[in-house]
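**Student:** make a model of this:
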Amino acid sequence: MIGPHWSKGWIIENNIISESKCVGISLGTEIGTGHSKSLEKHSKGGTQREQEVILRALRSGWHKDNVGSHIVRDNVIHDCEQAGIVGHMGAVFSRIYQNRIYNIHHKRLRHGAEVAGIKLHAALDTQINENIIYSCYRALWLDWQAQGTRISRNVFFDNISEDLFVEVCHGPYMVDHNLFLSPMNFRNMAQGGAFAHNLFAGRFVVRSEITRVTPYHFPHETAMAGYSNITGGDDRYYNNIFLGDNDANKEPVPIIFFEHLPLKPRDEVGEDGKTVMDGVPDNSICYLHAVGLGGYDQHPNVKDKKWWEYTKEELMELGDAAKDFFIGNAVLPVAMGGNVFLNHAVPSTHESDATIVAQKGVKIEMNPALGKVHIQIHDPELLRGTSAMLVTTDLLGKTYHANMKFEKPDSSPYYFDSDFFGTKRPDADVTSGPFEITEQGTINFEI
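**Tutor:** This next block holds a predicted model:
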């Protein structure tokens with residue numbers, strides 16, 4: 001319905017956008033890149049074609065001086081069939097904030113690989129903040145080149161597939177002070193993310209993608225610095241809350257690439273004893289992990305090794321899920337600290353001093369009809385004294401491939417000294433999770 005196309009500096013605000021058969025707002029690519037050859041048969045795979053599109057875009061003026069830097073704010077976008085906001089390279093250096101997006105792909109007229117409340121390719125330095133995205137098929141999907149991207153103070157709930165999908169990106173991308181409240185929170189087929197002061201109440205998929213080679217860039221530029229596949233890792237998790245979902249099964253569950261909860265019944269078992277996955281090849285299987293960070297257990301710890309390649313002997317000692325995940329690959333390390341695991345959420349073996357609490361501690365009530373969330377913290381003391389530290393650019397370091405700091409688009413550092421509502425955090429003994437808690441007794445938030 002609104003499309004600034006291959007341009008710079010639009011302000012799209014205060015609109016009510018609904019009933020598009022495709023997309024509400026499109027921040028798209030110049031047609032000369034050749035991406036939209038829908039009537040031709042392609043002999044090349046999608047990854048190869050996308051690499052060529054990026055190179056042609058650079059020849060077509062894909063540069064900060066010409067493209068992006070849009071502001072998309074204070075819009076209500078609902079009942080669009082493919083995406084609420086979509087962008088293919090045209091959303092670079094943009095700010096997307098304070099939008100309410102819901103009922104995307106609600107009618108199921110068509111499906112495909114761009115269906116989400118917000119779906120962006122190449123969200124270089126794009127800031128996605130303070131949005132409420134709910135009752136969508138998928139909430140936020142960042143595909144290729146999420147570098148310098150920040151996802152902050154958003155609320156995600158009642159989404160069918162997952163709240164956040166980051167695919168074949170090398171980072172650095174920053175995810176802080178968000179509420180992830182759907183049954184599946186995060187589908188991670190990327191590397192180089194930092195997660196700080198979030199509330200996670202759903203499950204994770206953590207998967208490598210070694211068959212696709214994707215680019216990374218020089219800091220705060222469109223110019224490419226190199227290519228690599230996705231071996232996984234290079235992620236940091238500090239001061240998050242994980243709220244268990246009462247499922248007694250904590251083992252990884254195999255699922256198909258785009259599958260979501262509830263899973264289809266699987267009664268058939270193959271000769272190898274594994275569940276038959278509708279004929280899907282092994283390299284298309286992901287593993288769904290319980291709420292928590294157990295999906296990272298087979299990665300090295302940044303304190304021990306900077307880079308680690310598993311030997312055949314080491315792989316033999318791992319479970320099937322780990323072997324499928326790592327076989328033949330080098331994997332990047334991870335870092336964790338100050339996280340809280342409530343209601344039997346699963347910590348990672350990398351965090352020996354994690355705060356583990358059997359009680360639920362936090363009650364969440366969601367009302368999709370009104371687009372509201374009510375959060376009640378029964379015992380604030382559960383979230384205090386957790387070894388949480390002030391999260392800064394210095395703490396997070398640099399990502400492996402781009403060799404870039406986690407920092408703002410103007411190269412200034414992150415210093416997370418305020419919470420979801422802007423409340424000032426202390427210099428020490430900060431509260432884990434999105435909310436800095438200074439009061440006693442039960443605390444209520446409505447968002």
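**Student:** for residue 337, which non-adjacent residue is spatially closest?
**Tutor:** residue 238 (5.4 Å; C-beta to C-beta, 6 or more residues apart in numbering). Every C-beta, even on glycine, is put in place using the N, C-alpha and C of the backbone.
**Student:** can you pull the contacts of that neighbour?
**Tutor:** Residue 238 sits next to 194-197, 335-339, 388-389, 391, 395 when contact means C-beta atoms under 8 Å, 6 or more residues apart in numbering.
**Student:** my guess is residue 182 meets residue 203, correct?
**Tutor:** No - checked against C-beta atoms under 8 Å, the pair residue 182 and residue 203 is beyond contact range at 9.5 Å.
**Student:** quick one: distance of stretch 402-417 to the chain centre.
**Tutor:** Taking C-alpha atoms, centre = their mean, to the nearest Å, one finds the center of stretch 402-417 at 18 Å from the center of the full chain.
**Student:** quick check: the spatially closest residue to residue 249 that is not a sequence neighbour vs residue 422, distance?
**Tutor:** Spatially, and ignoring its direct neighbours in sequence, residue 249 is nearest to residue 290 (7.3 Å; C-beta to C-beta, 6+ apart). Here residue 290 is placed at a distance of 33 Å from residue 422 (C-beta to C-beta, to the nearest Å).
**Student:** ok, these two, which is more surrounded?
**Tutor:** The neighbour count for residue 290 versus residue 422, taken as other C-beta atoms under 10 Å, is higher for residue 290 (22 against 8).
**Student:** could you give the backbone dihedrals for that one?
**Tutor:** With angles defined as degrees, to the nearest 10, residue 290 sits at phi -60, psi 160.
**Student:** which helix in the chain has the most residues?
**Tutor:** helix 46-59 (DSSP state H).
**Student:** so what does that helix touch, helix or strand wise?
**Tutor:** In terms of contacts (3 or more C-beta pairs under 8 Å, 6 or more residues apart in numbering; DSSP states H and E), helix 46-59 is packed against strand 209-217, strand 224-230.
**Student:** and the helices in the protein, which stretches?
**Tutor:** Using DSSP H, helices in the chain cover 46-59, 312-316, 320-326, 393-396.
**Student:** re earlier: the residue nearest to residue 249 reaches residue 343, doesn't it?
**Tutor:** No - assessed by C-beta under 8 Å, residue 290 is found out of contact with residue 343, at 11.1 Å.
**Student:** spit out the residues that contact these two alike.
**Tutor:** Common neighbours of residue 290 and residue 343 (C-beta under 8 Å, 6+ apart) are 244-245.
**Student:** what's the nearest residue to residue 185 if we skip its chain neighbours?
**Tutor:** Nearest one to residue 185, counting by C-beta to C-beta, 6+ apart, is residue 202 at 3.7 Å.
**Student:** also residue 344?
**Tutor:** Nearest non-adjacent residue to residue 344, counting by C-beta to C-beta, 6+ apart: residue 244, 4.4 Å away.
**Student:** need the per-residue pLDDT for that neighbour.
**Tutor:** Looking at residue 244, its pLDDT is 93.
**Student:** repeat for residue 289
**Tutor:** Reported pLDDT for residue 289: 94.
**Student:** hmm, residue 140 and residue 155 touching each other?
**Tutor:** No - Residue 155 is not in contact with residue 140 according to C-beta under 8 Å; the separation is 11.3 Å.
**Student:** which of these two has more residues huddled nearby?
**Tutor:** More crowded of residue 155 and residue 140, by other C-beta under 10 Å: residue 140, with 30 against 25.
**Student:** weakest of the helices of the chain in terms of mean pLDDT?
**Tutor:** Among these, helix 320-326 scores lowest, with a mean of 53.
**Student:** what about stretch 169-187, how long is it end to end?
**Tutor:** Criterion C-alpha to C-alpha, to the nearest Å; first-to-last residue distance in stretch 169-187 is 12 Å.
**Student:** cool, stretch 418-436 as well?
**Tutor:** 8 Å.
**Student:** check stretch 109-121 too.
**Tutor:** Note: stretch 109-121 ends 23 Å apart using C-alpha to C-alpha.
**Student:** buried stuff in it?
**Tutor:** Buried positions in stretch 109-121, judged by neighbour count with 16 or more other C-beta atoms under 10 Å: 114-121.
**Student:** what of stretch 169-181?
**Tutor:** Buried-residue list, stretch 169-181, by 16+ other C-beta under 10 Å: 169-181.
**Student:** pLDDT for these - can I get that in JSON lines?
**Tutor:** Compiled in JSON lines, the buried residues of stretch 169-181 are given as follows (pLDDT from 0 to 100):
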{"residue": "169", "pLDDT": "96"}
{"residue": "170", "pLDDT": "96"}
{"residue": "171", "pLDDT": "91"}
{"residue": "172", "pLDDT": "97"}
{"residue": "173", "pLDDT": "98"}
{"residue": "174", "pLDDT": "98"}
{"residue": "175", "pLDDT": "98"}
{"residue": "176", "pLDDT": "98"}
{"residue": "177", "pLDDT": "98"}
{"residue": "178", "pLDDT": "98"}
{"residue": "179", "pLDDT": "98"}
{"residue": "180", "pLDDT": "98"}
{"residue": "181", "pLDDT": "97"}
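**Student:** so what's the residue nearest to residue 344 up against?
**Tutor:** Residue 244 neighbours (C-beta under 8 Å, 6+ apart): 290-292, 341-346, 360.
**Student:** mind putting those into a markdown table with distance to residue 130?
**Tutor:** Shown next, in a markdown table, are the contacts of residue 244 (distance: C-beta to C-beta, whole Å):
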| residue | distance to residue 130 |
| --- | --- |
| 290 | 29 |
| 291 | 25 |
| 292 | 27 |
| 341 | 27 |
| 342 | 25 |
| 343 | 27 |
| 344 | 31 |
| 345 | 26 |
| 346 | 30 |
| 360 | 27 |
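**Student:** can you tell me what sits against stretch 21-31?
**Tutor:** 1-6, 12, 17-18, 35, 53, 57, 60-62, 68, 70, 72, 75, 77, 80-91, 94, 109, 120.
**Student:** gap between the two ends of stretch 427-440?
**Tutor:** 20 Å.
**Student:** what does that stretch contact?
**Tutor:** 153, 177-179, 197-199, 239-241, 338-340, 355, 377, 380, 383-386, 388-390, 417-421, 423-426, 443, 445.
**Student:** enumerate the positions of it that are buried.
**Tutor:** 430-437.
**Student:** just to revisit the earlier point, right, and the residue nearest to residue 185 touches residue 246 too?
**Tutor:** No - counting by C-beta under 8 Å, residue 202 does not reach residue 246; the two are 11.9 Å apart.
**Student:** look at these two and report which has more neighbours.
**Tutor:** More neighbours surround residue 202 than the other of residue 202 and residue 246, with 22 against 9 (other C-beta under 10 Å).
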